[in-house]
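[1] Here you go, sequence then predicted model.
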Amino acid sequence: MRRVALSGLLGTTVEFYDFLVYGTVAALVFGDLFFPQADPAVGTIAAFGTFAAGYLARPLGGIVFGHFGDRLGRKSMMLLTMTLMGCGSFLIGLLPTYDAIGVWAPILLVTLRVVQGLAIGGEWGGATLMVVEHAERTQSSRRGLWSSFTQLGAPLGSVISAGVVTLVSTLPDDEFRSWGWRVPFLLSFVLLGVGLFVRLRVAESPLFAESKREVSAKPPIFEVLRRPKPVLLACCVGIGAFTAQSLLTGFMISYATDNGYSRPQVLTAVTIASCVALIVLPTASALTDRVGRRPVVLAGALASAALAFPVLWLVDSGSPGLLILALVLGHGIAQSTMYGPLGALFSEMFGTKVRYTGASLGYQAATLVGAGFSPLIASSLLASNGGGSTPVSLLLCGGAVITAVTVWRMPETHTDTLDAPALPRKTPAPERIHP
């Protein structure tokens with residue numbers, strides 16, 4: 001069980017490391033390096049536009065890899081998605097800039113982002129289901145805690161990416177722009193090697209092995225979309241966590257540096273908040289095994305909504321100490337409380353034969369809506385609003401409210417078994433899909 005959990009952790013760490021490195025570097029230099037014909041505001045918007053391109057591909061990746069994961073197995077898809085993700089990041093580190101090859105530079109950048117998006121679309125589902133389904137056979141009463149290991153990849157990837165970028169950002173500005181920004185992307189190859197080594201030694205999911213004897217004639221996506229309510233609920237539940245994640249990490253680096261903070265100050269604040277998340281996230285997930293998924297996610301959503309405006313006010317103060325406090329409260333505590341239980345919660349909403357497809361599609365749709373467009377929308381609103389933080393706060397609050405309302409309407413699932421039909425409930429329940 002520990003080896004399975006470690007493989008899930010390493011996979012999502014590579015996933016979030018690569019995505020957060022891109023978000024950080026895009027906020028710092030990609031506007032100038034790949035879109036130099038634009039003014040600074042438009043260049044930042046264009047850089048975040050390529051960030052959104054990766055998210056646009058994620059639901060498609062969830063469908064494609066979910067299909068084969070439900071038909072061929074979780075393990076093979078985990079190996080393939082990790083390889084694509086790491087190689088895509090490595091190749092971004094080798095890309096020529098606009099000055100070298102002109103318009104082909106942003107075209108190739110967007111292409112690699114799409115490849116990464118496809119890979120990451122299948123990565124989370126495979127990693128999470130391997131952990132949750134193994135836990136079902138050994139420690140079913142602790143599914144929430146074990147599933148948090150895959151969720152820990154988000155703050156751990158953030159810590160590693162922020163640390164690496166902080167290190168290279170100490171270079172003189174001309175050296176950072178010429179070659180220093182490439183180093184974090186090239187280092188992803190190291191994480192890839194370690195991750196593949198661990199994953200090759202992990203056994204296939206026992207629940208999948210048992211269900212493989214009965215394969216539905218219809219593709220899993222047809223079964224999922226025939227009854228779309230669980231996917232729609234999963235998407236809405238995840239929106240708040242991903243909106244907060246994108247606005248308080250990658251976008252915040254751009255926002256804070258534009259408001260007078262130095263790069264090291266902002267990256268330090270992100271790193272400290274992510275370290276807090278490494279504690280809060282498994283604690284919140286373990287708590288859901290005792291009190292249920294709903295109350296914990298709801299508490300995180302309400303906290304995120306309540307902190308939406310104070311967090312941006314603290315950032316606008318210009319104080320490095322208050323910047324750290326803002327990100328610890330908004331990202332390290334509130335967002336982590338929402339995000340931690342999602343692995344177990346989404347897994348419990350679908351039957352084994354379609355779980356990879358259903359959970360991946362719900363999760364990736366939430367990332368597309370919540371995280372894919374939030375930085376782009378926030379940058380555009382700031383440019384048209386004279387730089388005021390109110391639009392960012394409204395986006396942050398809106399995402400949290402969507403999560404709170406949705407999870408309030410959902411039934412509790414933490415006592416369900418993963419390979420049994422959904423039980424009758426007094427509250428309206430999303431029908432778990434069992435083809």
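    Done, it's in. The model shown is predicted, which means the values in this text are computed figures rather than measured ones.

[2] what packs against the one helix or strand Arg143 maps to?
    Secondary-structure assignment from DSSP states H and E places Arg143 in helix 143-151. Here helix 143-151 touches helix 2-25, helix 104-138, helix 263-291, helix 342-347, going by 3 or more CB pairs under 8 Å, 6 or more residues apart in numbering; DSSP states H and E. C-beta: built from backbone N, CA, C; applies to glycine.

[3] Residues in contact with that helix: which ones?
    In this structure, residues lying in contact with helix 143-151 by CB atoms under 8 Å, 6 or more residues apart in numbering are 1, 5-6, 8-9, 11-12, 124, 127-128, 131-132, 134-136, 139, 281-282, 284-289, 293, 339-344, 347-348, 414, 418.

[4] Now a PyMOL select for only the buried ones of those.
    A single PyMOL command is used to select the members of these judged buried by 16 or more other CB atoms under 10 Å:
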select buried, resi 5+6+8+9+11+12+124+127+128+131+132+134+135+136+281+282+284+285+286+287+288+289+293+339+340+341+342+343+344+347+348+414+418
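
[5] Ser205 reaches Gly73, doesn't it?
    Yes - using CB atoms under 8 Å, Ser205 makes contact with Gly73 at a distance of 7.4 Å.

[6] Those two: which is more packed in?
    With neighbours defined as other CB atoms under 10 Å, Ser205 and Gly73 compare such that Ser205 has more, 27 against 18.

[7] Can you tell me the closest non-neighbouring residue to that one?
    Glu133 (4.2 Å; CB to CB, 6 or more residues apart in numbering).

[8] So the one you found sits against Glu204, correct?
    No - the criterion here is CB under 8 Å, and Glu133 misses it with Glu204 at 9.5 Å.

[9] Name the residue in these two with the higher neighbour count.
    Each of Glu133 and Glu204 has its neighbours counted (other CB under 10 Å); Glu133 has more, 26 against 16.

[10] who's in contact with that one?
    Contacts of Glu133 by CB under 8 Å, 6+ apart are 74, 205-208, 347, 352, 355, 418.

[11] Please give me every residue in contact with Leu186.
    By CB under 8 Å, 6+ apart, the contact list for Leu186 reads 90, 93-94.

[12] any idea how far Leu80 is from it?
    21 Å (CB to CB, to the nearest Å).

[13] Isn't Pro375 up against Phe251?
    Yes - at 4.0 Å, Pro375 counts as touching Phe251 under the criterion of CB under 8 Å.

[14] Of those two, which one has the most company?
    More crowded of Pro375 and Phe251, by other CB under 10 Å: Pro375, with 30 against 27.

[15] quick one, the helix or strand where that one lies and helix 2-25 angle?
    Secondary structure assigned from DSSP H and E places Pro375 in helix 374-384. With axes from the mean of the first three to the mean of the last three CA atoms, to 10 degrees defining the directions, helix 374-384 sits at 20 degrees from helix 2-25.
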